[in-house]
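Undergrad: Following is a predicted model, sequence given first.
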Amino acid sequence: MIDLKLLRAEPDVVRESQRSRGADPTVVDQVLDADATHRAALADFEARRAEQKALGKEVAQASGDAKQQLLVRTKQLAGQVKELQASADAAAARAVELARSLGNIPEPGVPSGGEDDFTVLRQEGEPRDFGAEGVEVQDHLAIGERLRAIDMERGAKVSGARFYFLTGVGARLELAILNAAMGIAQDAGFTPMITPTLVRPETMAGTGFLGAHADEIYYLERDDLYLTGTSEVALAGYHTDEILDLSSGPLRYAGWSACYRREAGSAGRDTRGIIRVHQFHKVEMFSYVTAADAAAEHARFLEIQERMLQALELPYRLIDTAAGDLGSSAARKFDCEAWLPSQERWMEVTSTSNCTTYQARRLAIRERGDNGTTPVATINGTIGTTRWIVALLENHQQADGSVHVPEILRPYLGGLKRLEPVA
RNA sequence: GGAGACGUGACUGAGCGGCCGAAAGUGCAUCCCUGCUAAGGAUGUGAUGGGGUAACCCAUCCGUGGGUUCAAAUCCCACCGUCUCCGCCA
C-alpha cells in the first residue's frame, strides 16, 4: 500500500504513477474521497465516544435517582456510539480497499508502458556461434532426455501436464545449481532459510499475491491454506507486525523452497520441457532495509545475480521492466534473461524487485526512527531456479551430445566436468 | 484423535467488570556518582489513527473476530496459536 499522507499531499504524483502503469488515475480521487469520508466519520465517532466515557465515569460514582437518570442518557448514547462506530469502520474499510488497489510508484527512469516496453540496459557475454562450431542445436528437453536427466512423460502420467521428473544427473544438476546459489548468497551475507510453502490466507493477502494474479495460486480448500509460488511470501511474512532493528544493516535472507504455480493464463505457452512448470525449486534473496538504502540494496541484488550468471558462464542481457509489468508491489524491477539457443530468444532466469515501503506498509513491518516508527523497504530477487537447467543444458551443449559443466557446479557433482549421454 | 492449562508492552510477569494503556521486575535512553571497569542512585521509556503552528489533546489496541453491559484486559461464544498428559503414526 502506498503512503496515504503522500497521496493527500501530492495526488498528482500518484495519478501520474497510475497512468505510467496503464492503470486508472481516477482511483486517486476515489481514494481521496473515501479517505475524507472516513476521517469525518471517525471524528464523529470519537467525539461521541469521549462523551460516553466521561458519562460512564459519573455513573460509577453516582447512586440512587441520580444514577438512574444518568443511565437513561447513557443507554441512549451507547446506541449512537455503536452506529457511529459501524459507519466509521465501514468508511475505513472502503478507504483501505481503494488505497490498496493503487500500485507502487515507479522509480524515476522506469519506462512506462506494458510487457513489451522494457529497456535493454546491457548485454553480457556473447551467444555461441553453434553453426561455426559444427554443433546442431538441440533444445533442453532433447538434451535432457539423452542425458536421462528429464522425464516429462512420466511426469505427465503421475501428475499431469507441466509436471516432470528430474532423474539421475538432472536431479543432481538441480541440487548443484541451488547449492551454488545458496553458497553465493551466504557469502554475500544472507542467512539461509528453508521456508514453509503452505501459508495462511492472511500471509498470502498481506504479501499482495491475492490481487490481480490470484488465479495463479493453488489453494487447499479443506485446510484454508495457499501453496506459495515463491519463498518471497514466507520471507515477507516472516517479520509481519514487527518493529525491526536495522541499525547494524539490512536483514538479509536466502530462502530455498519448492514453488507452485497454476499457470492458469498461459495455456499453450512454453509447453515443451521444463521452462514453464507447475512446480519447481528456487533460491530467493530477500532483504529488509531502511527505506533510504533500498535502491542501493536493489543494485546489490542485481550484482549478486550477475555473479551467479557469470559463474554459470551464461550469456545474458539485463532489462529494466516497464511500469505496467512491474506487479503492484514493485517500484522497479530488473530481469536477467539468459540466451535460449534452441529458440534464439532471451529467457528470464532472474528477477529482482525493489518494493520500497509498499509491501512492508501492508504487513506492518517498521523500524524505530528518531520520531516514531517508519515502514522499512523490502527487496527480493532470484539467484537460482530449476529453469536454469534449461539455459545450462542448451548453452553448454557440445557436438558429441555431452554438456560442459561450469567450474562452480563441479564440487556439487562429484567433480564432473561433462555430463555424458546415456547410451 | 481425547483431556487439561494458557495467550497482557522489547522481554518476564501481575491484574479477572468502572480508580487499567495496564503493577512490579528486566532491558533500553539520559543524567548523577565513580581514576577505569563493576556496582549504585534519579528520571524517562508502547503502537496505530485523528486533531492542533506548538506545548498538547482525543480515540483505538491486553492472540483474532463477534456478543453481553451505561461501562470489558477482566464475563460469554467462535476461531487461531502455544504448552502438558494420554492415544495414534513415524
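TA: Looks like it came in fine.

Undergrad: make it CA atoms for all contacts and neighbour counts henceforth
TA: Fine.

Undergrad: so which strand or helix has residue A:367?
TA: For residue A:367, the enclosing helix or strand under DSSP states H and E is strand A:366-369.

Undergrad: Just checking: what are the partner strands of that strand?
TA: strand A:243-244 (parallel), strand A:372-375 (antiparallel) (DSSP bridges).

Undergrad: Export it to PDB, keeping only CA atoms.
TA: Extracted as PDB, the C-alpha positions of strand A:366-369 are listed here (Å, rounded to 0.1, in the frame of the first residue of the first chain):
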ATOM      1  CA  ARG A 366       8.700  -1.000  10.500                       C
ATOM      2  CA  GLU A 367      11.800   0.200  12.300                       C
ATOM      3  CA  ARG A 368      12.300   2.800  15.000                       C
ATOM      4  CA  GLY A 369      13.300   6.200  13.900                       C
END
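
Undergrad: most residues in a single helix of chain A, which one?
TA: In chain A, assigned by DSSP state H, the helix with the most residues is helix A:64-100.

Undergrad: Output the contacting helices and strands for it.
TA: On a contact count with 3 or more C-alpha pairs under 8 Å, 6 or more residues apart in numbering; DSSP states H and E, helix A:64-100 meets helix A:27-61.

Undergrad: Pull out the buried residues from the helix it packs on.
TA: Of the residues in helix A:27-61, those buried under the neighbour-count criterion (16 or more other C-alpha atoms under 10 Å) are A:27-28, A:31-32, A:34-38, A:41-42, A:44-46, A:48-49, A:52, A:55, A:59.

Undergrad: report the angle between the axes of the longest helix of chain A and helix A:27-61?
TA: Calculated by axes from the mean of the first three to the mean of the last three C-alpha atoms, to 10 degrees, helix A:64-100 forms an angle of 160 degrees with helix A:27-61.

Undergrad: Please point out which parts of helix A:64-100 sit buried.
TA: Within helix A:64-100, the residues that count as buried by 16+ other C-alpha under 10 Å are A:70-71, A:74, A:77, A:80-81, A:84-85, A:87-89, A:91-92, A:94-96, A:98-100.

Undergrad: pLDDT of that helix, averaged?
TA: Per-region confidence: helix A:64-100 scores 83 on mean pLDDT.

Undergrad: one step back: any chance you could list what contacts the strand holding residue A:367?
TA: Under the criterion C-alpha atoms under 8 Å, 6 or more residues apart in numbering, residues A:242-246, A:290, A:360, A:373-376 lie in contact with strand A:366-369.

Undergrad: From the chain's centroid, how far away is it?
TA: A distance of 22 Å separates the C-alpha centroid of strand A:366-369 from that of its chain, computed with C-alpha atoms, centre = their mean, to the nearest Å.

Undergrad: Thank you, goodbye.
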